[in-house]
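J.: Got a predicted structure plus its sequence, pasted below:
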Amino acid sequence: MTPYFQTELGLLYQGDVLDILRQLSNKSVQMCVTSPPYWGLRDYGTAKWEGGDENCKHIGMESRCISGGQGKQYTNEGSNRVFSGDCICGAKRIDNQIGLEKTPEEYVAKMVEVFREVRRVLRDDGVCFINLGDSYMGSGGPGSQYDNKAIGQYKEGFHKYKNPNRKVMNGLKPKDLCGIPWRVAIALQQPYRVSSCVKSEVDKAWLAAMFDGEGCIGIRRFDSYRKEKQQVYQDGFVVYTVVTNSDIELLDRCVEITGIGKVRPKQRAGDTDGRGIVSRRDSYGWRPEGNAAIKVIRSIYSHLIAKRKQACIAFTLDLLNKNGHGSRSVPKDVQEKKTYLWGLIKACNQRRPVDLPDWIQEPKEEIEPGWYLRSDIIWHKPNPMPESVTDRPTKSHEYLFLLSKQAKYYYDAEAIREPLSESTLADGRNATGRHTQGDEHGTKYDEWESKQKPSWYRAKVFVNPMNGRNKRSVWTIATHPFPGSHFAVFPEKLIEPCILAGTSEKGCCPDCGKPWERVVEKGELIGKDRGGNYKGRNIDRLVHTNPGKPGMSYETKTTNWQPTCSCGKEPIPCVVLDIFFGAGTTGLVCEKLNRRWIGIELSEAYCKIAAKRIDNATKQRRLFE
Ligand SMILES: C[S@@+](CC[C@H](N)C(=O)[O-])C[C@H]1O[C@@H](n2cnc3c(N)ncnc32)[C@H](O)[C@@H]1O
Ligand SMILES: [Zn+2]
Ligand SMILES: [Zn+2]
């Protein structure tokens, strides 16, 4: 892939988000922060038109009117309508842009598809921040008629056209708040059914019949040799599926319908095989192994007749392989089970009668777990777009969802602590960032007395007045108009904390990508009370003199950084991905914070703006260095 623009730290690719994402490798970025086009708010003008009337200015046939919200700010041509679909003159609209889907459902489905690819590209310990705003159903509703005002400027006579798709969709009425951010967030949490590698049922049945007749499902045993110990360390087992035939067309068809593997020549006519049989014709083989073989087994299982047992045995072995034991520490009983399955499948393939043990599993469809939704951060705008509404409050917030792939992930809370408020500092009870639950007669004190130290004391490192409190979930950040465009870019201040928390300041291992982490040391004991500061005093005395106000904690200090892997390499900057790069704010902030970045943007016009913006900023920085 050739980037549209690059710097020492970053790469910008122009193209459709899914096309580009599919070319990025698995688990290759530390985090993603992005702001997708909001549903129905704006046409980014990326459409190309094919055919139709060449004098026509072309405008989509479906129109949606969005009123209220930040509509005015975003919509095209000064109207609050967005247009999609083909033109009335017959021109076909060719456009990959996201946001012009007809219904919220279609938009949400697209988001799920896109962020599923992001999930693949993200490291397992990575996080993803998604900025989403909401919109109101327009007074005309989706698919309503054109109004003359919006249309008149394009072509005489357009107003006579009545949209045949006019209907109210999915229970959303004009004036309804669409709730798009939460629809997206909830959809992203859901597990995802991975569709079979073979699409049609006919093909599945055909492939199953191939396996029943000409194929084999087996387990290959291999030994791994450990150089340092100079011995064969342990038995490895891997599933394979193979179809052999002298008819190469049949095997080409297997490859075609599964999209897996290659056909390879197996034997030449006249060669003798392992069993001493001389083959009369050239023969070919198609032999997926490991994950690819499991995909094949999953797709054909329900149609298999003769080789169902083999499919179950192979599938169970694969489960044992995947249940988290690295090659070092496979427990003995698991290893015994694998060896047993290896013998069992061999017996099946030699047509000996076998009974399957009760722990054998049937191949099931593949399920990808959904995202973990970890926070719904409210981006509060102190300077919202003015709205002329009188029957609801003016909208002054958007969402920033924090999502992760796993329950545990990299998150540097230390990097984004916020200062304590004046009132908090004045009140000793608040110094730990939480109120104490209890007083002289309350549970805390009793717990203390019974030597069961309360949790605020047990925690080795917790929020204290010197470090500030843990960042909260409402972020107040003003929007800035982007010069020279009506286009809304996100403020740098909005994504700075995301990048600071989501990636290690020190960087990551160049080999395995694991982030370096802070070595945080517990400093002196400090306390804050109405009376002032205590430092380094004996905590027992303090607690006894102030039982209900345990505003004491230890100072925390980052004394060093350490790798979280054992590769032993110097760290390099972490990678931040923004799949809807727009005017390149993410790139800009990454350059400033010394993070690598990858941007994807469909519109060439915005790629140009982004490249210029980043180029200028990096040049300026170099001048000052
Ligand atoms: C809300 S803007 C992002 C603004 C950006 N955060 C900034 O600060 O400049 C959304 C961007 O997504 C782009 N976009 C829309 N559909 C796309 C697609 N299918 N693939 C890639 N980018 C797309 C639009 O051109 C637009 O620039
Ligand atoms: Zn047209
Ligand atoms: Zn490493």
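T.: Structure's in. What do you need? Ligands and ions are numbered 1, 2, ... in the order given.

J.: what about the nearest residue to Ala292 once chain neighbours are set aside, which SS state?
T.: Computed as C-beta to C-beta, 6 or more residues apart in numbering, the closest residue to Ala292 that is not its neighbour in sequence is Ile260, at 4.9 Å. Quick note: C-beta positions are derived from backbone N, CA and C, even for glycine. What DSSP: H, G, I helix; E, B strand; the rest coil gives for Ile260 is coil.

J.: I'd say Ile260 and Pro288 touch.
T.: Yes: counting by C-beta atoms under 8 Å, Ile260 does reach Pro288; the two are 5.2 Å apart.

J.: neighbour-wise, which of these two wins?
T.: Using other C-beta atoms under 10 Å, the more surrounded residue of Ile260 and Pro288 is Pro288, with 23 against 19.

J.: Please name the residues that touch that one.
T.: Applying C-beta atoms under 8 Å, 6 or more residues apart in numbering to Pro288 gives the contacts Tyr240, Thr241, Thr258, Ile260, Gly261, Lys295, Val296.

J.: Could you identify the most distant pair in those?
T.: In the contacts of Pro288, two members sit farther apart than any others by C-beta to C-beta. They are Tyr240 and Thr258, at 14.1 Å.

J.: Which of those two has more residues huddled nearby?
T.: Counted by other C-beta under 10 Å, Tyr240 and Thr258 do not tie: Thr258 has more neighbours, with 23 against 17.

J.: My guess is that one contacts Ser299. True?
T.: Yes: shown here, Thr258 and Ser299 form a contact pair, counting by C-beta under 8 Å, at 7.1 Å.

J.: picking up where we left off before, any shared contact partners between Ile260 and Pro288?
T.: Jointly contacting Ile260 and Pro288 under the rule C-beta under 8 Å, 6+ apart are Lys295, Val296.

J.: burial measure for Gly53, as a count.
T.: Quick fix: residue 53 reads Asp, not Gly. Asp53 has 13 nearby residues by other C-beta under 10 Å.

J.: Spit out the contact partners of it.
T.: Residues counted as contacts of Asp53 (C-beta under 8 Å, 6+ apart) are Cys89, Gly90, Ala91.

J.: which residues are common contacts for Thr258 and Ser299?
T.: By the contact definition C-beta under 8 Å, 6+ apart, Thr258 and Ser299 are jointly contacted by Cys197, Val198, Leu207.

J.: Among the residues you listed, name the ones in helices.
T.: Using DSSP state H, the members of the shared contacts of Thr258 and Ser299 that fall within helices are Leu207.

J.: Below-threshold pLDDT in the stretch 1-150 of the chain: ranges please.
T.: In the predicted model of the stretch 1-150 of the chain, residues 61-84, 139-150 satisfy pLDDT under 70.

J.: tell me the strands in it, going along the chain?
T.: Assigned by DSSP state E, counting those that start in this stretch, the stretch 1-150 of the chain shows strands spanning 5-6, 10-14, 29-34, 48-50, 60-65, 81-87, 92-94, 122-132.

J.: The second one and ligand 1 in contact?
T.: No: counting by C-beta under 6 Å from any ligand atom, ligand 1 has no neighbours in strand 10-14; the shortest distance is 8.6 Å.

J.: Now do that strand: distance to the chain's middle.
T.: Distance of strand 10-14 from its chain centroid, counting by C-alpha atoms, centre = their mean, to the nearest Å, is 19 Å.

J.: And for the third one?
T.: Between the mean C-alpha location of strand 29-34 and the chain-wide mean there is a distance of 8 Å, by C-alpha atoms, centre = their mean.

J.: possible to save the shared contacts of Thr258 and Ser299 as CSV with pLDDT?
T.: Shown next, in CSV, are the shared contacts of Thr258 and Ser299 (pLDDT from 0 to 100):
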residue, pLDDT
Cys197, 93
Val198, 95
Leu207, 97
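
J.: Ligand 2 next: which of the shared contacts of Thr258 and Ser299 are close?
T.: The subset of the shared contacts of Thr258 and Ser299 within reach of ligand 2, by C-beta under 5 Å from the ion, is empty.

J.: any idea which of the shared contacts of Thr258 and Ser299 is closest to Lys408?
T.: Cys197 (30.9 Å).

J.: what's the closest one in contact with, if anything?
T.: If a contact means C-beta under 8 Å, 6+ apart, then Cys197 has Thr258, Gly259, Ile260, Lys295, Val296, Arg298, Ser299 as its contacts.

J.: Check those residues for burial and list the buried ones.
T.: Thr258, Ile260, Lys295, Val296, Arg298, Ser299 (16 or more other C-beta atoms under 10 Å).

J.: would CSV of the contacts of Pro288 with pLDDT be doable?
T.: Formatted as CSV, those follow (pLDDT from 0 to 100):
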residue, pLDDT
Tyr240, 97
Thr241, 97
Thr258, 96
Ile260, 96
Gly261, 94
Lys295, 95
Val296, 97
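
J.: Check which helices and strands the top helix by length along the chain is in contact with.
T.: Across the chain, the helix with the greatest residue count (assigned by DSSP H) is helix 604-624. Counting by 3 or more C-beta pairs under 8 Å, 6 or more residues apart in numbering; DSSP states H and E, the packing neighbours recorded for helix 604-624 are strand 5-6, strand 10-14, helix 585-593, strand 596-601.

J.: Listing partners with orientation, what would you give for the last one?
T.: Strand pairing for strand 596-601, using DSSP bridges, gives strand 10-14 (parallel), strand 575-578 (parallel).

J.: With ligand 2 as the reference, measure out to Asp95.
T.: Relative to ligand 2, Asp95 is positioned 14 Å away (C-beta to the ion, to the nearest Å).

J.: For the nearest residue to that residue once chain neighbours are set aside, what are phi and psi?
T.: Spatial nearest neighbour of Asp95, chain neighbours left out: Ala47 (4.0 Å); criterion: C-beta to C-beta, 6+ apart. Main-chain dihedrals, Ala47, degrees, to the nearest 10: phi -70, psi 140.

J.: Next, count neighbours for Ala47.
T.: Other residues close to Ala47 by other C-beta under 10 Å number 20.

J.: Now for it: which residues touch it?
T.: Counted by C-beta under 8 Å, 6+ apart, Ala47 has contacts His58, Gly60, Arg93, Ile94, Asp95, Gln97.

J.: so the fourth one sits right up against Gly52, yeah?
T.: No: Ile94 is not in contact with Gly52 according to C-beta under 8 Å; the separation is 11.8 Å.

J.: neighbour count winner among these two?
T.: Between Ile94 and Gly52, counting by other C-beta under 10 Å, Gly52 is the more crowded of the two (16 against 11).

J.: Not counting sequence-adjacent ones, nearest residue to the more buried one?
T.: Ala91 (2.6 Å).

J.: if we can go back for a sec, which single one of the contacts of Pro288 is nearest to ligand 2?
T.: Thr258 (42.1 Å; C-beta to the ion).
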